[in-house]
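# need a structure here:
(one chain, ligands or ions: 1)
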Amino acid sequence: MSLTFAVAPLAVSPVLPSRASVPHRGPKAAPFAGAGATAVGAAAVVAAAVQRRGRVARRVRGGGEKTYVGRFDGTQKVEKGTTQGEEALAAEGTRGRSAAKWSVLSERIEGLAKEMYMLIGSIDPYCRDNSTAEGAAMKAIRQKMEDTDWAGLAESKTTMFSYGAEMSTDPVEAQFVKMLTYMKRPKQVLEIGMFTGYGSMAIAEALPAAGKVTSLDIDPYLKTWVEDVSKDFPEGKKHEIVVGPALDSLKVLDTSIKFDLIFIDANKAEYKDYLQTLMDRELLAEDCMIIGDNTLYVGYPILSETYDTQPARRDFGDAVREFNAWVRDHPKLEQVILPFRDGVSMIRLK
Ligand SMILES: C[S@@+](CC[C@H](N)C(=O)[O-])C[C@H]1O[C@@H](n2cnc3c(N)ncnc32)[C@H](O)[C@@H]1O
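Below is the predicted model:
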């Protein structure tokens, strides 16, 4: 379900206890996996990544429009600890209310609002608790992700950016991508933006025997983090991680390899450049399917600045809107944008 990231709000079920412990709120060193590499100019990319790491970090600290910033720390209202009591009061006050049980207008409005709240709050947990395609490697990644002190890693500058588990594809979206992989049966998959590799493990679990998924991520720490988990699973052998800025990595990928499935999920401001580079370098298989995540980016591409509750996101929202329009108007591309989680686009060559 990422500026780069969508910090999607958590739907908390007012009715259903969580069956699986899959909460999705709260909160990608090392050079390449060598053997059988996707024929990337590995050393070149690593060197570039190391050089740029300092530069990117400086840009980030100085602030800069459309520069990747990780999660949007500090843009949310600080919780004062009163929410639980207030929610309990509201639950008590609307107990038994429904859109059909009322005798005066105020009760009818309360009933309508209560049914909306019940449905809206229950959809995500219901889908999660009734989805069963999370495999063992995915589960191991998710559990480690939930146990990782992302704030501490950012504080100690171990990670390049501040991360949170909400930056990962959530269980339902990851299983959706896994199902697409089963349908597509790709030999070569490319993921741009890996984070903890929950999405790439979903893909790896569904790959045919000779299939391979290559993930590009800018943060060296994440490569080590993911490989520490994936080495214990057969899927790990199907997964290669290329460290470096994605645009640099894309420029050195071996053009004899054509990707059948591509998952774009890194810097939202760079989506157009990722796809343009893939097309210019003829890295797409003729019937390639491209999945773009966050193409509705918390609503910013749809709404005007008037509704910006987190103004720091506006440049990314505008970039996503430009990307969507660019794909829509491109003579060689067609897309469908699905209003699922933070918006998921399915794009193919005409
Ligand atoms: C939303 S997360 C990816 C989530 C992942 N696809 C999943 O399935 O969970 C975005 C990732 O993109 C990476 N990233 C951001 N800017 C990048 C860039 N310019 N090049 C490569 N990776 C980048 C971040 O380090 C982060 O790990």
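# Quickly check: stretch 206-223 near the ligand or not.
Yes. Counting by C-beta under 6 Å from any ligand atom, contacts between stretch 206-223 and the ligand involve 216-219, 222. Heads up, the C-betas are built off the backbone N, CA and C, glycines and all.
# Now, these that are in helices?
Among the residues of stretch 206-223 next to the ligand, the members found in helices (DSSP state H) are Leu222.
# Residues of this protein that sit close to the ligand?
So the chain meets the ligand at 2, 4-5, 28, 68, 167-169, 191, 193-195, 198-199, 216-219, 222, 245-246, 265-267, 270 (C-beta under 6 Å from any ligand atom).
# what's the following helix or strand after the helix or strand encompassing Asp287?
Asp287 is part of strand 284-293 when elements are defined by DSSP states H and E. Counting by DSSP H and E, the next helix or strand C-terminal to strand 284-293 is helix 314-329.
# who's in contact with that next one?
Helix 314-329 is contacted from outside by 3-4, 65-66, 268-269, 271-272, 275, 292, 294-301, 305, 308, 333, 335, 337, 345, 347, using C-beta atoms under 8 Å, 6 or more residues apart in numbering.
# Following element in sequence after it, please.
strand 333-338.
# what packs against that next one?
Using 3 or more C-beta pairs under 8 Å, 6 or more residues apart in numbering; DSSP states H and E, the elements in contact with strand 333-338 are helix 314-329, strand 344-349.
# May I see those arranged in TSV, with mean pLDDT and mean neighbour count as well?
Formatted as TSV, the helices and strands packed on strand 333-338 follow (pLDDT from 0 to 100; neighbours: other C-beta atoms under 10 Å):
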stretch	mean pLDDT	mean neighbour count
helix 314-329	97	18
strand 344-349	98	18
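# Tell me which of those lies nearest to Lys139.
Among the helices and strands packed on strand 333-338, strand 344-349 comes nearest to Lys139, with 22.2 Å by C-beta to C-beta.
# what angle do that closest one and helix 314-329 make?
Strand 344-349 and helix 314-329 are oriented at 40 degrees to each other (axes from the mean of the first three to the mean of the last three C-alpha atoms, to 10 degrees).
# roughly how far out does strand 344-349 sit from the chain middle?
In terms of C-alpha atoms, centre = their mean, to the nearest Å, the centre of strand 344-349 is set 16 Å apart from its chain centre.
# Contacts only, for whatever residue of the stretch 151-300 of the chain ends up closest to the ligand.
The nearest approach of the stretch 151-300 of the chain to the ligand comes at Gly199, 2.3 Å away (C-beta to the nearest ligand atom). By C-beta under 8 Å, 6+ apart, the residues touching Gly199 are 168-169, 173-174, 177, 191, 263, 265.
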